[in-house]
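1. whatever this is, show me its structure:
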Amino acid sequence: MLSKVSVYSLGEKPHSKKLLAIAENLGQKLIAQLEKGEQACPDKNIHSMNGYFCEVFLVDKEIMDKNVLSFPAPKDFPHPDLEQQPLGEIYLNPEVIQSQGHDLEALLIHGFLHLLGYDHQGKDDTISMQEQEQKLLHAFC
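-> Just a heads-up that it's a prediction; the model follows:
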């Protein structure tokens with residue numbers, strides 16, 4: 001497959017190579033599991049014969065004061081420059097994540113699941129998403 005995870009550091013002070021590598025490594029593992037069909041995906045519009053593409057941005061407080069935001073790729077938006085199906089973008093703020101006592105890996109998984117169509121709007125949705133998060137945390141972290 002041609003799947004790809006691109007990780008970027010945005011802000012005044014670049015994030016460490018270690019953090020970038022952690023995000024890229026986990027992102028690749030998550031996409032590989034999706035390719036193999038081992039990851040449940042509530043969004044039935046996500047399917048690919050050529051792989052998947054996801055972007056992860058590590059940002060600082062000047063850009064975002066939240067710990068994680070994810071933006072699924074718009075359906076039917078043309079991406080002639082990509083062979084893969086775009087899943088969307090995940091923005092993580094390592095400083096806020098650490099100050100709130102969370103793990104970068106856990107919130108990357110959380111953001112990734114949002115790209116696949118998981119949410120936590122109702123009790124059943126929340127339980128389903130939490131189960132997937134725990135499964136992936138145990139598998140990869």
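2. stretch 2-16: how far from the chain's middle?
-> Distance of stretch 2-16 from the chain centroid (CA atoms, centre = their mean, to the nearest Å) equals 12 Å.
3. any idea of the mean pLDDT for that stretch?
-> Computed over stretch 2-16, the mean pLDDT rounds to 88.
4. got the contact list for Gly27?
-> Taking CB atoms under 8 Å, 6 or more residues apart in numbering, we find Gly27 in contact with 5, 7, 54, 56, 108, 112. Where C-beta positions appear, they are placed from N, C-alpha and C, glycine not excepted.
5. now the residues you listed as CSV including distance to Ser128, secondary structure and neighbour count?
-> Shown next, in CSV, are these (distance: CB to CB, whole Å; DSSP: H, G, I helix; E, B strand; the rest coil; neighbours: other CB atoms under 10 Å):
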residue, distance to Ser128, secondary structure, neighbour count
Val5, 24, strand, 22
Val7, 27, strand, 23
Cys54, 21, strand, 26
Val56, 23, strand, 21
Leu108, 19, helix, 26
Phe112, 15, helix, 28
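6. for those residues, name the two members farthest from one another.
-> Taking CB to CB as the measure, those span a maximum distance of 12.6 Å, between Val7 and Phe112.
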